[in-house]
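Peer 1: Dropping the sequence and predicted coords here.
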Amino acid sequence: MKLPFHHLSALDLSRRAFLAGAAAGMGQAALAALGGHGRPGARAKRVIHLYMAGGPSHLETFDEKPELTKLDGQPMPESYTGGQQLAQLQGRELRCLAPRFPFREFGESGQRICERFPRLGSVIDDFCILNSLETDQINHDPAHTLFNTGTTLPGRPSMGSWVHYGLGSMNENLPAFVVLSSVGKGGQSQPIAARQWHSGFLPSRYQGVELRSVGDPVLYVKNPDGVGRDLQGDVVRAIAELNGERAARTDDPEALTRIAQYELAFRMQAAVPELVDLSAETQETLDLYGTEGRDGSYASNCLMARRLAERGVRFIQVYHRGWDHHGAVERSIEITAKEVDQASAALVTDLKRRGLLEDTLILFGGEFGRTPMGQGDGRDHHIRGFSYLMGGAGIPGGRRYGATDPLGYAAVEDVVHVRDLHATILHLLGLDHEALSHDFRGLDLRLTGVEPARVLRDVIS
Amino acid sequence: MPFPAALALILLPPAHGSPSRAEEGVDFTRDVRPLLADRCFACHGPDASAREARLRLDVRDSAVEDRGGYRVVDVEDVGASELLLRVRDDLDPMPPGPDHAPLSPEEASLLERWIEEGAPYDQHWAYRPLERVAVPKVEDEDWARGDLDRFVLARLEAEGIAPAPPADARTRTRRLSFDLLGLAPSIEQVRAVELDADDVAWAQLVDELLESPHHAERLTTFWFDLVRFADTTGIHADNPWNISPYRDWVIGAFQENLPFDRFTVEQLAGDLLPEAGRPQRVAAAYNRLNLVTREGGSQPKEFLARYTADRVRNLSEVWLASTVGCAECHDHKFDPFSAREFYELGAFFADIEQVGVYQSGEGRFPPEFAVPSAEQEAELSQLDAALEAVNRSLERDSVALEADQARFERDAAGSRWRVPADLEVRAASGRTFDRDDAGVLTTSAEGAAEDTFTVSFTAPLDSVGALRLELLPDPDLPLQGPGLAGNGNLVLTELTIRSDGEVLAVGASRASFEQPGYPVTAAHDGALGRAGWAVMRGSDGEPAEAIFDLAAPGAVRPGSKVEVELAQMHGGRHLLGRWRLTVGAAEEEPLSPGLRRILVASPEKRTPEEGRLVRAAHRARTNLLDEERARKAALTARRAALDSEIPQVLETRAVEPMVTRVLPRGNWMDESGEEVLPAVPTVLGGSALSAEERPDRLDLARWLVSDDNALVARVLVNRIWRMLMGRGIVATLDDFGVQGTPPTHPELLDFLALEFIESGWDLRALIRDIVTSSTYQQASGIQEHAARRDELFGRQARFRLDAEFVRDGALLASGLLDRRVGGASVRPYQPAGYWSHLNFPRRTYQASDGPDLYRRALYGHWQRQFVHPSLAAFDAPSRERCTSERARSNTPLAALALLNDPIHVEAARVLAERVLTGAGASAEDRVTALWERVLQRAPTDSERARMVALVRKHRADFDRRPEDAAALVAVGASPASPELPAAELAAWTSAARVVLNLHETIVRE
């Protein structure tokens, strides 16, 4: 068999080979979506999760609690806390800590959020504020695992992997699920495990790929020292030709898939440097985000998120590891707000003016919230009530959904479990959370697990 | 909904030569149970809490019970069976609801035929006792090398499919070597098999490979995926722990072919064996491989519950291929395991000494123990004897020593500390201080939560060599102090000394007390932040003091202006409350503050213990004992060095078992569940354990490998079969329950399991039997009836090598591979910043050096949260849980790793050097050498031509760009051969990269 492999941009062969490989293992849904768009009826084609890792205080962001101010320094009423699981405050004396900052009205909708987030305030009309989230896990590592995979058992796919599995990719040169992360200066930088973007029992091609700010942007994307793109191309071409010759002799479809994957890898080697090269961005755009270039900051990662969205990346997670404010919550919020406020708002503005906001779902929030009780001058982890922002994808903005009790302890109105958020994300992408499942050890497993989960119809319509 | 595999068999058209399924009759296990399990058990199965209408379809008594005029299954009046009426009820069909697929007409009539035949139930195949069945007769007796082949061939013949022809000698030899060693064979091994067509050469090669230590390494890789072996804890900070000796034990066990029953018992309960020696205690580290946390704020009870559940899951996955883990929160939906039985299994592990949340700051996860080698042990006892002798000599009595001690006490008693005459103090926040005549300062309580105090004075005429900071109790301070924080504590985060504005470094420091995690050294580590010296302890109002020696005692000139800055930035008013700062001269052998107190007091008041301390202090200093002390120091240093070289391993130590309760819905906060004792699930013959005493892990382990447990042998035999044939006889390796796939060859599975047990659980014999069979030696690429052949083992499998063997293969081909067996984990090259997501502490990756860089991947540090990226790209699992079957993906990330990871580039360059120096001078000869080293065959003409052309082009390119050539051949830690022209070597490195990246190179066929 003679292969038409004269130049690497000739995609015919590899696309066929890729499809052959795909047919061998890819889910039907994924195969159907290979054309590269959203699902029929879907409102979102992609998701950007601005992941405020460490557990932001809802009381100093989006959930205003004047009653808590009145009780500052007073013992927390036991009717709230009796018999509940706490983290580092377990067994300590519990006293209320007043919210550290005033809230004020923003936007045409007049939604009230903490004054330390004026830029987010300026785009608050594009968000629905969810004030009634709850989760099951009170420590960072298990809470992240629950938030990303729906369970704390290791080995389960993360939501980005589920989405990639369910919808396939929309681009040919970049991974479909990309993770970025930055470190903040307020609070502790809690670790994040690669489990958070793992594909679990799904095939590993659905795994999230980290876009790094240090060293190679994607691991091993750089040619070996001394090897230019032309020479690397010679090597890849020779590999492909010899694999093709062998494949013809041995009838091995996997060899054809390998040819395609080498070609994709070679294209990625060109696409990734182009992706991370910000020289084509205008000064106005850089100023909008508040970044000077690719420096690993949250601001530069937000800009990168927009570039990924433009290039058809399906699921983008932007971690900011700076929200674990056990002490000095006031100073820490000031610091962290400065780190995320401008760039988060810039991303919304930028997506909007490029016409991408309408089919991009944006989430802003962390793995849990923080206690209304003080831990010294900080706040401990809290799972009974916290807040999220949800915007884009046609979600009516300038609204608020759910509420916590007067002290911001427990979600009491329209309670949203993490599972409900999962169901809603999938729904917006045109996926039914009960149907998107995969057989593992005799069970049909899904992101939302076995407990009931609901799509937040009041939020999205 | 998963498509029940058994049903797929039913719906297939009857295969040639075999009776149709209808004629054959309905088989409950094969046909009926999977159907009932899939559609009915969720509400009418083992889970008592979800059960509807008191009906269990998994139990015959319940199904056929008279329910007041009707029966769900009625064998007398088949048509009246409620089961049939309901599944065929168009208006209100069972199973109900939109989520459940109704039964097809075929499925319903299958149930009808089953009831007509009397609705026989039998035990699920996996739990049935092993039965020896007659070896089937086959037509082609010549093909069968043994009974194993007859079982396979009989099925093939029944379906009219001829076995695949034997693979050619090269393919077979590569397959065998990859399967048994994880390494390619040499071309000489291939030629030996090629030359000698009969079975003798093959059997010799098999034996040679089975006895190789690399075979033990290969099996260890297999085992480690199951038991989730890793070098780190897996949760939160993912800290490293000490586990390498367990790896050595596993390798050793496979090397000496330790019977698998023994292998099982020693890992689960080696510590409990009456004859337990060190190897057995190392083996028992298996019980410590569960994920553990150090995350602050975690509740110990929650994590103890997790650790138990983790162990139950692993035990049941590895040995029982059962999803008992599903019963953590509720009775199993499909298999006969109750939640209670889950916790009863957990109770076996309740005796393991552990804590729920491990402490930060210490490198270890206690308990652990040292595992010295024989040489290390010998040196240890030698050193200890020498130390004892020198200690005796140091303790000897003599008149001269007595006189010298009296002089020492006189000299030392005079206090060297004083308060400088012009001492002043101020606080950054403007706080004020009260000062008494003795120079003791009392800090005002009002003011900022963080503060910095600055003490200034003029250096006295005699030199300043050290500072002493005394912390004193005071009834007015919170909890009597000595600090201002609510708990009486304080944190000195940083102490800075300036002389005329110039910062002077602190050398040594010591304190009379340090709060764990807050050593005094943290107060002069140059790091800002919240860490520092703190003094919190159980009792209120305890004094403490610290002494800080200047690194260069002469640096303070008399008369200069000295400023001592005491930063206390911890927050929460962790500030000095009542305190005093004094200065003193430098000392050659500083006395501890406690000892100084004793020496100042009158000698008559000393307790005998204090007397001993003074004597020891003298003997530590007198020059009469200089020689002995030097010898002791040398011996002690060597002892310490040796101690740090001796590996430690996590220990499984049995203590009084903690109480185990059923946790309702898995909720660790709910204590209402009943208390349970260790027991094995009823369906697996749980009554086998004696009820007289509380059974322990040893009973559990012995029960697992007892003759009446058929499951363990079936599970293991199936895993080995999959390793060698690419697919299990039971395709779902880790689910032998009703939702798993039934065996394609149940008789063969039982035959192998029985042979295995009767051989004395001889793993090597099992592997030998399989790899010497005709079944194993078939070709892999046959396309005719491909899918059916895969199920019937009518051809061999073709698959990509495991991640570790991809790396090992490149090292082997280049000759870089370091073949040492065992030892501590090593660190291969890894991209910088790959661990940037880790914290507590932050970690900078430091690669090993020298030969450690080229060891087999099995020895590489396994970071659960961040598995080495080059291995992860080829589907190496995180080892957070049992992995029976790795994915075999084919991704661009894998291509990038193999193309660009420096280890693969370096291997290519060294391989190129071999070819350039070891083969003939023509390019054609060199390509041949390249192919023979990597692929054990000659290149085809077109392959050779392609490579020659590539090398020619790249030679020209690199000639034009010598700096590129130099850069490429410099990749990796091993130096490039200086004799070879860089451009030539670089061009052949390109060729070697091509061959190391070929699909054929990393695939076993």
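Peer 2: Structure received. Numbering: from 1, shown residues only, chains lettered A, B, ... in the order given.
Peer 1: Centre-most residue in chain B?
Peer 2: Per Cα atoms, centre = their mean, the C-alpha nearest to the average position across chain B is that of residue B:230, at 1.6 Å.
Peer 1: Next, it: secondary structure please.
Peer 2: At residue B:230, secondary structure determined by DSSP: H, G, I helix; E, B strand; the rest coil is coil.
Peer 1: Does it touch residue B:879 like I think?
Peer 2: Yes: using Cβ atoms under 8 Å, residue B:230 is in contact with residue B:879, at 4.4 Å. Bear in mind the C-beta positions are built from the backbone N, C-alpha and C, glycine included.
Peer 1: what is in contact with those two at once?
Peer 2: Counting by Cβ atoms under 8 Å, 6 or more residues apart in numbering or on different chains, the shared contacts of residue B:230 and residue B:879 are B:862, B:864.
Peer 1: quick revisit: retrieve the pLDDT associated with the residue nearest to the centre of chain B.
Peer 2: On pLDDT, residue B:230 comes in at 97.
Peer 1: Give me the distance between it and residue B:824.
Peer 2: Counting by Cβ to Cβ, to the nearest Å, the separation of residue B:230 from residue B:824 is 14 Å.
Peer 1: cool, and residue A:104?
Peer 2: Distance, residue A:104 to residue B:824, using Cβ to Cβ: 59 Å.
Peer 1: quick one, which of these two is more surrounded?
Peer 2: residue B:824 (17 against 14; other Cβ atoms under 10 Å in any protein chain shown).
Peer 1: per-residue confidence for that one?
Peer 2: At residue B:824, the pLDDT value in this model is 94.
Peer 1: can I assume residue B:381 sits in a helix?
Peer 2: Yes: the assignment for residue B:381 is a helix, going by three-state DSSP.
Peer 1: Residue A:263 reaches residue A:236, doesn't it?
Peer 2: Yes: using Cβ under 8 Å, residue A:263 is in contact with residue A:236, at 7.1 Å.
Peer 1: Settle it for me: which of the two has more neighbours?
Peer 2: residue A:263 (27 against 23).
Peer 1: So which elements touch the helix or strand harbouring the more buried one?
Peer 2: Using DSSP states H and E, residue A:263 sits in helix A:253-276. Applying 3 or more Cβ pairs under 8 Å, 6 or more residues apart in numbering or on different chains; DSSP states H and E, one finds that helix A:253-276 contacts helix A:12-25, helix A:229-250, helix A:298-310, helix B:892-900.
Peer 1: Can I get the helix or strand following that helix in PDB, CA atoms only?
Peer 2: Next along the chain after helix A:253-276, taking DSSP H and E as the criterion, comes helix A:283-289. What follows is helix A:283-289, C-alpha atoms only, in PDB (Å, rounded to 0.1, in the frame of the first residue of the first chain):
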ATOM      1  CA  GLN A 283      -2.600  46.500  24.100                       C
ATOM      2  CA  GLU A 284      -6.300  47.300  24.800                       C
ATOM      3  CA  THR A 285      -7.000  43.600  25.300                       C
ATOM      4  CA  LEU A 286      -4.000  43.100  27.500                       C
ATOM      5  CA  ASP A 287      -5.000  46.100  29.600                       C
ATOM      6  CA  LEU A 288      -8.600  44.800  29.800                       C
ATOM      7  CA  TYR A 289      -7.400  41.600  31.500                       C
END
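Peer 1: List the buried residues of helix A:283-289.
Peer 2: Buried residues in helix A:283-289, defined by neighbour count with 16 or more other Cβ atoms under 10 Å in any protein chain shown: A:286, A:288, A:289.
Peer 1: May I see these arranged in JSON lines, with pLDDT and distance to residue A:90 as well?
Peer 2: Output for those, formatted as JSON lines (pLDDT from 0 to 100; distance: Cβ to Cβ, whole Å):
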{"residue": "A:286", "pLDDT": "97", "distance to residue A:90": "46"}
{"residue": "A:288", "pLDDT": "97", "distance to residue A:90": "44"}
{"residue": "A:289", "pLDDT": "97", "distance to residue A:90": "41"}
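Peer 1: which one among the residues you listed gets closest to chain B?
Peer 2: Top of the list for closeness to chain B, among the buried residues of helix A:283-289 and by Cβ to the nearest Cβ, is residue A:289 at 21.7 Å.
Peer 1: Could you tell me how many residues sit around the nearest residue to residue B:235 once chain neighbours are set aside?
Peer 2: For residue B:235, ignoring the flanking residues on the chain, the nearest one in space by Cβ to Cβ, 6 or more residues apart in numbering or on different chains is residue B:293 at 4.1 Å. By other Cβ under 10 Å, the residues close to residue B:293 number 24.
Peer 1: list the contacts for residue B:293?
Peer 2: Neighbour list for residue B:293: A:139, A:141, B:233, B:235, B:236, B:303, B:357, B:358 [criterion: Cβ under 8 Å, 6+ apart].
Peer 1: so where's chain B uncertain?
Peer 2: Chain B contains residues with pLDDT under 70 at B:1-24, B:98-99, B:361-363, B:411-416, B:461-463, B:586-590, B:686-691.
Peer 1: Might you name the residue of it sitting closest to chain A?
Peer 2: At 2.6 Å from chain A, residue B:739 is the closest residue in chain B, using Cβ to the nearest Cβ.
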